[in-house]
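Peer 1: Sequence and predicted structure, then a few things I'm wondering about:
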Amino acid sequence: MRNETIQTDITVVGGGLAGVNAAVAAARLGRTVALVQNRPVLGGNSSSEVRVWVCGATAHGTHRYARETGIMGEMFVENQFRNPEGNPYFWDNVVLETVLAEKNIQLFLNTDVHEVEAEGGEEDRQILSVTGWMMGSERRIRFESEMYLDCTGDGLVGFMAGAKYRLGREARHEYNEEWAPEEADDITLGSTILFYSKDAGHPVKYVAPSFAKDITQTSIPMKRVIRSGDSGCHYWWIEWGGELDTVHENERIRDELWSVIYGIWDYIKNSGNFEADNMTLEWVGSIPGKREYRRFVGDYVLNQNDILAQRPFEDRVAFGGWSIDLHPPQGMYSTESGSKHLHMDGVYHIPFRSLYSVNVSNMLFAGRNISATHVAFGTTRVMATCAVIGEAAGTGAALAVERKTTPRGVYREHLGELLQTLLRQDASVVGVRNEDADDLARLAEVNASSTLRRLSVESPSESYPLDADAGLLLPVSGELRQLDLLVDAKEKTTLRVEVWSTGRAENYVPHTFEAGGTAELAAGEKQWVTIPVAWNSGDARNAFVIIKANEHARLYVSREPLTGVLAFERGAAPRAVQSLEDHKHEQPVVQWGMRKLVRRPFCFRAYPETDAFAAANVTDGYLRPYGGPHAWVSEPLAQGREAWVELAWNKPASFREVHLVFNDDVNEDLINLHHHRTPFEAIPELVRDYRLEAFADGDWQVLCRQRDNHKRKRVHRFAGPVVASKLRCVVEATNGGPRAEVIEIRVYE
């Protein structure tokens, strides 16, 4: 046996997406990190060993502008670019390369932590070290750090350190949660094993193993959807173990799940109910994907009421949007729906106080073990949300080390710095504004070669029947006086329109009626009709326009998307709520979907002209849509023409670093293993080719030139200081979008 000691600033135990994001965030902030993972690959439940889709705040297209940014966003966009087929092994590579790119991270795969040394009393403990065994290498490794992050999912490190935790479901009275049971119990969500199938192109026989379960003797064929062409996460409902201890009974749960998988395949192949002669099993998982075990207690316990109210915590450091998604304890054998869902009206916020231990002073946690009730955990548990929580926890840990304090000390004494650091990293935070005193761009005047002022989509591709109400989301910069729509009318009729505000700036559903208007239509095709609406919004915000159903009229859909503009269908539930799910149909995000209308707005013209795409947006402090797009958008680029946005200072500024954030359309739902594919590999709105120029000594000088960009955020560092009175980002080409679009520019000395 070889004994080793590794000393770093921070030790992260658990190499799922929460741990990966935590480690990368801390390393990018200059801290040395040991990332310890007990499996041969990174990615946890998303890895090629388990193969669960990385779901998050978009909730399969339920929420608008909700895709994660920061480190998780980088991996989503990179995977879409290099892995359009959704190969699980290529996804492994994306995650691994994200870690290997950071020189401050030491990675320890196949290393199972089983010892924790801690000191102190029950209410005030501190971790001194964790020790792991590297399987196959016979290395016993002791990790010593100032700060520890438990990203194990099951919460093993914190448990051994004496951290306070909860297991199972809280009683309803504890947090006044509608979905909590009357009495507390130890029931959790169960575990799942998935399988892949494929068409072999020739007949393939199947002889079931002796341990395969005869599922016709269970409720499974009656209560769950089974199809011969489905595989992977279509079978998320193969779940069991919620009434057991999902850790100590892990082997028993695995055996039961295997018996059902091979039984399902026997049913598909040999029952005669399916056309499956040529189908064969390609892969069956060997590790149960756990959903739930310990949840640690932090300074704040996130609960159902916080989620539904979208409570804007002062220390919000991440967001989620997946529904509160709870499953019956009996899992696949239950006669209830496989899941029940409660949707909030938009993304919700996660406080930093839920990411560190209430009684272990140098421990944070990220992933499914954060400080949340069982009901709230029903949404925070999905992996993209776990990942952005990881980035926030890793950032907090790095700041705690730098400021020589505890995570609680970061909250109490350095909260502003934490939030500004997250924004500088383009992390997934909504509604918090850049107030970084070191950002020289905030002192500059902003100009551009052109700015899109006319809010319109005028290129029709096909007509759309108004069998149900339709919706059109528009950014309003103070006033909406008139709306023109392109319509067909079979006969003379009246078209009615309502304008609603959306309530919270992070929401994209109708909330409050503001104005209405009508127009008389004559029979005819492709006629522009004018509807006066007269809404004075007072400030920049989104308008949700409802075009009322009319059996005699048809709208027109365009295939030319416009940033900030979305089209909706009433009653077109998103993918996530179409089948196998129990939900309240009156919830706004369920009522208003855009399954068939993603990147396909209705043809319209809005008046007056808009300031929603002003050049000043690149320094307005917001990195995401929030009551408007918060991006500079140019006029359409003519063939071979360039567009630019410029910062100008009253006196020459000296800088060495420029941060650029381009528009990667965070409304587009991306999934690592693709239950759907986009028709493009790089987000079209992303700037592809650009250069940075500085105006110094009476002339423009090229600082750098970038080709073939497909990333959202780029940071350019220069060897020596650049002294200039102006800085210009010149957009030469996009990845297919017709306009130049830039969200943010930062400049640092």
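Peer 2: On my side now, so go ahead. Numbers count the residues shown, from 1 in each chain.
Peer 1: which residues of the protein fall in helices?
Peer 2: Applying DSSP state H to the chain gives helices spanning 17-28, 70-82, 88-100, 156-161, 172-175, 220-223, 250-270, 304-309, 374-380, 383-402, 407-413, 415-424, 588-591.
Peer 1: looking at those helices, which is buried most?
Peer 2: Ranked by mean neighbour count, these are led by helix 17-28 with a mean of 31 (mean count of other CB atoms under 10 Å). C-beta here means a position set from N, CA and C on the backbone, and glycine is covered the same way.
Peer 1: List the contacts of residue 739.
Peer 2: Taking CB atoms under 8 Å, 6 or more residues apart in numbering, we find residue 739 in contact with 452, 563, 633-637, 643, 685.
Peer 1: at 10 Å instead, please
Peer 2: If you count contacts by CB atoms under 10 Å, 6 or more residues apart in numbering, residue 739 has them with 450, 452, 562-563, 613, 632-637, 643, 663, 685, 731.
Peer 1: Now for those: which two are most distant?
Peer 2: Largest separation among the contacts of residue 739 by CB to CB: 562 and 731, giving 17.3 Å.
Peer 1: which other helices and strands contact the longest strand along the chain?
Peer 2: Counting by DSSP state E, the longest strand found in the chain is strand 713-734. Other helices and strands packing on strand 713-734, by 3 or more CB pairs under 10 Å, 6 or more residues apart in numbering; DSSP states H and E, are helix 70-82, strand 445-448, strand 643-662, strand 687-696, strand 699-706, strand 741-748.
Peer 1: hmm, 7 Å instead?
Peer 2: Applying 3 or more CB pairs under 7 Å, 6 or more residues apart in numbering; DSSP states H and E, we find strand 713-734 packed against strand 643-662, strand 687-696, strand 699-706, strand 741-748.
Peer 1: buried stuff in it?
Peer 2: Buried positions in strand 713-734, judged by neighbour count with 16 or more other CB atoms under 10 Å: 713-714, 722, 724-734.
Peer 1: Mind giving me the ChimeraX command for buried ones among the contacts of residue 739?
Peer 2: A single ChimeraX command is used to select the members of the contacts of residue 739 judged buried by 16+ other CB under 10 Å:
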select :450,452,562,563,613,632,633,634,635,637,643,663,685,731
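Peer 1: Which of the contacts of residue 739 fall within strands?
Peer 2: Using DSSP E to define strands, the subset of those located there is 632-633, 643, 731.
Peer 1: Low-confidence stretches in the stretch 601-749 of the chain?
Peer 2: Applying pLDDT under 70 to the stretch 601-749 of the chain flags no residue at all.
Peer 1: Check the stretch 401-550 of the chain too.
Peer 2: The model of the stretch 401-550 of the chain has no residue with pLDDT under 70.
Peer 1: all strands for it, in order.
Peer 2: Counting by DSSP state E, counting those that start in this stretch, the stretch 401-550 of the chain has these strands, from start to end: 445-448, 455-457, 462-465, 470-476, 479-489, 493-501, 512-521, 524-536, 541-547.
Peer 1: Quick one: the ones you listed as TSV, columns for distance to residue 119 and mean neighbour count too.
Peer 2: Below are these laid out as TSV (distance: least, CB to CB, whole Å; neighbours: other CB atoms under 10 Å):
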stretch	distance to residue 119	mean neighbour count
strand 445-448	54	18
strand 455-457	62	21
strand 462-465	67	16
strand 470-476	55	24
strand 479-489	63	20
strand 493-501	55	19
strand 512-521	55	16
strand 524-536	63	15
strand 541-547	53	24
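Peer 1: Just put those in TSV and tack on distance to residue 290.
Peer 2: Converted to TSV, those look like this (distance: least, CB to CB, whole Å):
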stretch	distance to residue 290
strand 445-448	49
strand 455-457	46
strand 462-465	44
strand 470-476	38
strand 479-489	49
strand 493-501	42
strand 512-521	42
strand 524-536	50
strand 541-547	39
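Peer 1: I'd like to know which of the ones you listed is closest to residue 747.
Peer 2: Smallest distance to residue 747 across the strands of the stretch 401-550 of the chain (CB to CB): 11.7 Å, for strand 445-448.
Peer 1: Given the closest one, what are its sheet partners and their directions?
Peer 2: Partners of strand 445-448 in the sheet, by DSSP bridges, are strand 643-662 (antiparallel).
Peer 1: how about the strand it pairs with: buried residues?
Peer 2: Buried, per 16+ other CB under 10 Å, within strand 643-662: 643-647, 649, 653, 655, 658-662.
Peer 1: Send me that strand as PDB with only the CA atoms.
Peer 2: Extracted C-alpha coordinates of strand 643-662, given in PDB (Å, rounded to 0.1, in the frame of the first residue of the first chain):
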ATOM      1  CA  ALA A 643     -21.200  45.800 -37.400                       C
ATOM      2  CA  TRP A 644     -19.600  47.200 -34.200                       C
ATOM      3  CA  VAL A 645     -20.300  48.300 -30.700                       C
ATOM      4  CA  GLU A 646     -17.900  50.700 -29.100                       C
ATOM      5  CA  LEU A 647     -16.900  51.900 -25.600                       C
ATOM      6  CA  ALA A 648     -15.600  55.400 -25.300                       C
ATOM      7  CA  TRP A 649     -13.900  57.000 -22.300                       C
ATOM      8  CA  ASN A 650     -13.500  60.700 -21.500                       C
ATOM      9  CA  LYS A 651      -9.800  60.100 -21.000                       C
ATOM     10  CA  PRO A 652      -7.700  57.100 -22.100                       C
ATOM     11  CA  ALA A 653      -8.200  53.900 -20.100                       C
ATOM     12  CA  SER A 654      -5.500  51.400 -19.300                       C
ATOM     13  CA  PHE A 655      -6.600  47.700 -19.500                       C
ATOM     14  CA  ARG A 656      -5.300  44.200 -19.900                       C
ATOM     15  CA  GLU A 657      -8.400  42.100 -20.000                       C
ATOM     16  CA  VAL A 658     -11.700  42.200 -22.000                       C
ATOM     17  CA  HIS A 659     -14.700  40.000 -21.400                       C
ATOM     18  CA  LEU A 660     -17.300  39.400 -24.100                       C
ATOM     19  CA  VAL A 661     -20.600  37.700 -23.700                       C
ATOM     20  CA  PHE A 662     -22.500  36.800 -26.900                       C
END
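Peer 1: Tell me what angle that strand forms with strand 699-706.
Peer 2: Per axes from the mean of the first three to the mean of the last three CA atoms, to 10 degrees, the angle that strand 643-662 makes with strand 699-706 is 40 degrees.
Peer 1: 85 is where my numbering starts, stick with that
Peer 2: Fine by me, first position is 85 from now on; the one you just mentioned is strand 727-746.
Peer 1: what angle do strand 727-746 and strand 825-832 make?
Peer 2: Interaxial angle, strand 727-746 versus strand 825-832 (the same axes, to 10 degrees): 80 degrees.
Peer 1: what would the buried residues of strand 727-746 look like in a markdown table with distance to residue 400?
Peer 2: Converted to a markdown table, the buried residues of strand 727-746 look like this (distance: CB to CB, whole Å):
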| residue | distance to residue 400 |
| --- | --- |
| 727 | 34 |
| 728 | 35 |
| 729 | 29 |
| 730 | 33 |
| 731 | 29 |
| 733 | 33 |
| 737 | 32 |
| 739 | 30 |
| 742 | 28 |
| 743 | 22 |
| 744 | 25 |
| 745 | 20 |
| 746 | 25 |
